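> A predicted structure for the sequence below; I have some questions about it.
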Amino acid sequence: MLEKFFKLSDNGTDVKTEVMAGITTFMTMAYILAVNPSIMAAAGMDQGAVFTATALASLIGTLLMAFLANYPFALAPGMGLNAYFAYTVVLGMGYSWQVALTAVFAEGIIFIILSLTNVREAIFNAIPQNLKAAVSVGIGLFIAFIGLQNAKIVIGGSTLLQLFSVENYNLVNGVEASFQDVGITVLLAIIGIIITGILVIRNIKGNILWGILITWVLGIICQLAGLYVPNPELGFYGLLPDFSAGLSVPSLEPIFGKLDFSNVFSLNFIVVIFAFLFVDMFDTIGTLIGVSSKANMLDEEGKLPHIKGALLADSVATTAGAVLGTSTTTTFVESASGVSEGGRTGLTAVTTAILFGLALFLSPIFLAIPSFATAPALVVVGFYMLTNVVNIDFNDMSEAIPCYICIIAMPFFYSISEGISMGVISYVALNLITGKVKEKKISILMYILAVLFILKYMFL
């Protein structure tokens with residue numbers, strides 16, 4: 001039945017590969033179950049309720065992706081979008097979290113309309129092939145950078161970024177950490193990267209997942225041996241699952257359906273909706289381009305079959321997530337980890353979705369996986385996506401330079417959507433000024449996107 005429904009043979013995969021890929025994807029994005037409630041709590045929302053909303057929104061969105069598009073992509077409330085929700089819209093602009101949820105809900109409805117009318121699909125198809133490869137490479141650098149930051153291998157400093165040391169970490173963060181809390185986790189993350197690299201070179205099945213688990217187990221051994229000492233005040237928690245509170249599921253009641261439409265027609269509210277809309281649209285398109293390029297899912301014309309189903313899953317999940325009580329639900333770039341493990345169909349997504357469902361009841365286990373254990377996976381997946389650089393035509397400078405700008409913008413601006421913006425603007429501008437427009441046959445939609453991106457930088 002699974003073979004027939006998900007077309008496993010047609011996609012060159014099998015049940016075992018898909019399940020392993022789904023587990024790997026979940027393990028690399030399970031952090032959202034801990035991080036999202038923490039961020040949303042800053043907006044005054046109930047942390048336990050947000051945990052439940054996060055798991056349910058991820059479950060619903062990922063299942064929609066599996067059944068509407070048969071793709072191995074997972075969805076969850078997006079990082080960056082949740083911070084914009086809490087720190088900019090609520091704490092910065094002074095809106096209540098109920099109004100902010102309404103903006104997310106409205107954005108989701110607009111997304112559904114755009115998905116059904118092929119607008120988002122047209123945008124995806126309008127982006128040139130070389131730029132699509134560049135998006136994949138840029139995302140690779142971006143998620144590797146996230147992994148290095150999560151592991152504290154890279155920290156802030158006088159040069160903006162610097163290599164970790166306990167002294168520099170304390171100086172930058174104004175804390176008094178030691179080798180036994182932050183230091184040992186950095187060392188474990190580096191060891192984890194080496195171990196995962198060895199597993200990749202040896203072509204061990206499930207290498208990324210095994211890398212996560214081995215790094216976690218090494219951390220537990222260090223904790224039991226007294227080499228790692230948890231320091232909750234600095235964000236370094238115990239690595240053993242804590243079942244002291246039992247297996248109850250936190251109630252959704254404090255945040256479920258709490259939408260407030262009283263400010264819908266104000267100018268500021270419309271600006272908030274547009275900001276959510278822009279970031280979500282191009283983060284999603286960027287992720288779909290990057291991950292599907294790496295998985296060789298694009299056809300000869302650079303189009304993604306069944307993209308309408310993928311975009312619809314994303315937009316419906318955002319709307320449902322807002323009703324449940326969480327910020328924008330979007331396609332996660334960590335899906336690349338499952339694709340790197342061989343995931344090619346919706347069965348990967350179904351596996352990930354089931355684990356999000358189980359996480360509701362087994363949260364102590366999943367929340368015990370530390371960021372230093374998942375960081376090696378992100379770094380190695382970044383390498384996998386970086387290999388797409390060979391698909392960029394560097395002999396044509398009018399193609400290569402916009403691709404280069406797109407690639408470096410993603411990690412440096414810490415945003416997939418900003419990378420796409422810079423890539424599109426530079427692609428259109430350079431080809432227009434150098435008279436290569438007719439030769440390249442740039443679509444009208446690319447011109448429209450370039451103008452819209454420029455206007456965004458001017459007025460937002």
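Alright, I've got the coordinates.
> count of neighbours near residue 92?
When neighbours are defined as other CB atoms under 10 Å, residue 92 has 10 of them. To be clear about C-beta, it is placed using only N, CA and C from the backbone, and glycine gets the same treatment.
> Where do the strands of the stretch 151-300 of the chain begin and end?
Using DSSP state E, counting those that start in this stretch, the strands of the stretch 151-300 of the chain run over 154-157, 160-163.
> just those strands: most buried one?
Scoring the strands of the stretch 151-300 of the chain by mean neighbour count under mean count of other CB atoms under 10 Å gives strand 154-157 as the most buried, with a mean of 16.
> now the strands of the stretch 151-300 of the chain in JSON lines, with distance to residue 396?
Listed next are the strands of the stretch 151-300 of the chain as JSON lines, based on distance: least, CB to CB, whole Å:
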{"stretch": "strand 154-157", "distance to residue 396": "33"}
{"stretch": "strand 160-163", "distance to residue 396": "32"}
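> Go through these and name the closest to residue 305.
Residue 305 sits nearest to strand 154-157 of all these, at 37.8 Å, using CB to CB.
> Tell me which stretches of the stretch 251-400 of the chain form helices.
Assigned by DSSP state H, counting those that start in this stretch, the stretch 251-400 of the chain shows helices spanning 267-294, 307-324, 335-340, 346-359, 363-367, 371-386, 397-413.
> For residue 19, find the nearest of those.
The closest of those to residue 19 is helix 346-359. By CB to CB, the value is 5.0 Å.
> Go ahead and measure how far the closest one is from the middle of the chain.
Computed by CA atoms, centre = their mean, to the nearest Å, the chain-centroid distance of helix 346-359 equals 16 Å.
> Low-confidence stretches in the chain?
Within the chain, the stretches with pLDDT under 70 are 245, 460.
> Around the residue nearest to residue 386 when sequence neighbours are not counted, count how many other residues there are.
Of all residues not flanking residue 386 in the chain, residue 140 sits nearest, at 4.1 Å (CB to CB, 6 or more residues apart in numbering). Neighbourhood size, residue 140 [other CB under 10 Å]: 28.
> can you list the domain ranges for this structure.
Domain segmentation of the chain under automatic domain parsing yields 2-238+263-388, 389-459.
> Export the ones you listed as CSV, with columns for distance to residue 246.
CSV is the format used below for the domains of the chain (distance: least, CB to CB, whole Å):
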stretch, distance to residue 246
domain 2-238+263-388, 9
domain 389-459, 38
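> Looking at those domains, which is nearest to residue 251?
Across the domains of the chain, closest to residue 251 is domain 2-238+263-388 (CB to CB), at 6.3 Å.
> For the closest one, measure first residue to last.
One end of domain 2-238+263-388 sits 31 Å from the other (CA to CA, to the nearest Å).
> to the chain's geometric centre, what's the distance from that domain?
Domain 2-238+263-388 sits 3 Å away from the centroid of its parent chain (CA atoms, centre = their mean).
> Compute the distance between the closest residue to residue 282 other than its chain neighbours and residue 173, please.
What sits nearest to residue 282 in space, not counting adjacent residues and going by CB to CB, 6+ apart, is residue 417, at 3.6 Å. Separation of residue 417 from residue 173 (CB to CB, to the nearest Å): 28 Å.
> one step back: now that we have the helices of the stretch 251-400 of the chain, can you turn them into JSON lines and tack on distance to residue 42 and mean neighbour count?
Shown next, in JSON lines, are those (distance: least, CB to CB, whole Å; neighbours: other CB atoms under 10 Å):
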{"stretch": "helix 267-294", "distance to residue 42": "17", "mean neighbour count": "22"}
{"stretch": "helix 307-324", "distance to residue 42": "18", "mean neighbour count": "25"}
{"stretch": "helix 335-340", "distance to residue 42": "27", "mean neighbour count": "30"}
{"stretch": "helix 346-359", "distance to residue 42": "22", "mean neighbour count": "25"}
{"stretch": "helix 363-367", "distance to residue 42": "18", "mean neighbour count": "19"}
{"stretch": "helix 371-386", "distance to residue 42": "19", "mean neighbour count": "25"}
{"stretch": "helix 397-413", "distance to residue 42": "23", "mean neighbour count": "20"}
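> Kindly reformat these as a markdown table containing distance to residue 238.
Listed next are the helices of the stretch 251-400 of the chain as a markdown table, based on distance: least, CB to CB, whole Å:
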| stretch | distance to residue 238 |
| --- | --- |
| helix 267-294 | 33 |
| helix 307-324 | 29 |
| helix 335-340 | 25 |
| helix 346-359 | 18 |
| helix 363-367 | 10 |
| helix 371-386 | 13 |
| helix 397-413 | 32 |
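> now for these, which one comes closest to residue 112?
Counting by CB to CB, residue 112 lies closest to helix 307-324 out of the helices of the stretch 251-400 of the chain; the figure is 4.5 Å.
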